[in-house]
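# Below is the structure, and that's it, no one-letter string:
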């Protein structure tokens, strides 16, 4: 019985994947594989790196059990047809532009039976994983946010992503919207925190962890996170109201610093009578594995396909 799907999480510098049993709805941690990726290398090299990692996980689960492969893939990407639209503007995978990833991977994996390979936006994959298996699974209207090297977001209503209409911004994405003389992606990200801390103190940190470590002794570091918490509240509030959000799920590396910015965020929401609950993802990157692996279930895919078509 082919009941194991592989969920694949593609990042700008890494790829990781894990098997997921579609019947028991359980991840198989022992099937985990990962690799560094040079996203500026040739399309052949990228396919080789991705394919070799996926092969490792196929070997661990057994090829006879493989139901299909679901990708959590950053944009721009043609999710329905499996074609790369990376044009160099976002600094990764520019040499894969126009490549049919589905065809190239099928060829590289060289499996005796053709296998389903499906794609979804990485932020939506994370949100679906949370909506179906995480802390948000009892909620009807969810806003999922990933805070890290970039600012990922997705709106889910009754288990289906929302990418158009008056309740959400274009494609259900928030990263490109303006905030504080920049974009939300510039502000609510690792580089945003590092840059603002440097502007305030003259000290350039290597990462957010460095700033977190300074919080006990450095009032500027502490204030930076308090400002971050209030600012994210201010930024999200209009969309929370428009979409009648029940719960906000926070993921990504910066969410680990929630004890430093959560109080300011909650205080702002209280002052605006925002009743949405804020929860931190327990699943973390596992959400993306789950949210992409469930694409291999045909019924789930049929529900999500109309959304993927709009994302082209």
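The structure has been received and is ready for your questions. The structure presented is a predicted model; accordingly, all values stated were derived computationally and were not measured.
# Please enumerate the helices of the protein.
For the chain, the helices defined by DSSP state H cover 43-61, 101-109, 122-133, 184-187, 190-201, 208-214, 219-242, 258-271, 285-293, 298-310.
# Give me the residues contacting the shortest one.
What that stands for is helix 184-187. 150, 151, 174, 175, 176, 177, 178, 179, 180, 192, 231, 235 (CB atoms under 8 Å, 6 or more residues apart in numbering). Yep, even glycine has a C-beta here, placed from its N, CA and C like the rest.
# Could you export the helices of the chain as CSV, including mean pLDDT and distance to residue 80?
Output for those, formatted as CSV (pLDDT from 0 to 100; distance: least, CB to CB, whole Å):
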stretch, mean pLDDT, distance to residue 80
helix 43-61, 97, 19
helix 101-109, 96, 10
helix 122-133, 95, 13
helix 184-187, 95, 25
helix 190-201, 96, 31
helix 208-214, 95, 35
helix 219-242, 97, 26
helix 258-271, 98, 36
helix 285-293, 96, 15
helix 298-310, 95, 5
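# now the ones you listed in a markdown table, with mean neighbour count?
Listed next are the helices of the chain as a markdown table, based on neighbours: other CB atoms under 10 Å:
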| stretch | mean neighbour count |
| --- | --- |
| helix 43-61 | 18 |
| helix 101-109 | 17 |
| helix 122-133 | 28 |
| helix 184-187 | 21 |
| helix 190-201 | 17 |
| helix 208-214 | 18 |
| helix 219-242 | 18 |
| helix 258-271 | 17 |
| helix 285-293 | 29 |
| helix 298-310 | 15 |
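# Between the ones you listed, which one is closest to residue 9.
helix 285-293 (4.4 Å; CB to CB).
# Please produce CSV containing the helices of the chain, extended by distance to residue 36.
Shown next, in CSV, are the helices of the chain (distance: least, CB to CB, whole Å):
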stretch, distance to residue 36
helix 43-61, 8
helix 101-109, 18
helix 122-133, 17
helix 184-187, 23
helix 190-201, 18
helix 208-214, 20
helix 219-242, 29
helix 258-271, 28
helix 285-293, 15
helix 298-310, 28
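# I'd like to know which of those helices lies nearest to residue 83.
Across these, closest to residue 83 is helix 101-109 (CB to CB), at 7.0 Å.
# what angle separates that closest one from helix 43-61?
60 degrees (axes from the mean of the first three to the mean of the last three CA atoms, to 10 degrees).
# which other helices and strands contact helix 101-109?
In this structure, helix 101-109 packs against helix 43-61, strand 116-121, with contacts taken as 3 or more CB pairs under 8 Å, 6 or more residues apart in numbering; DSSP states H and E.
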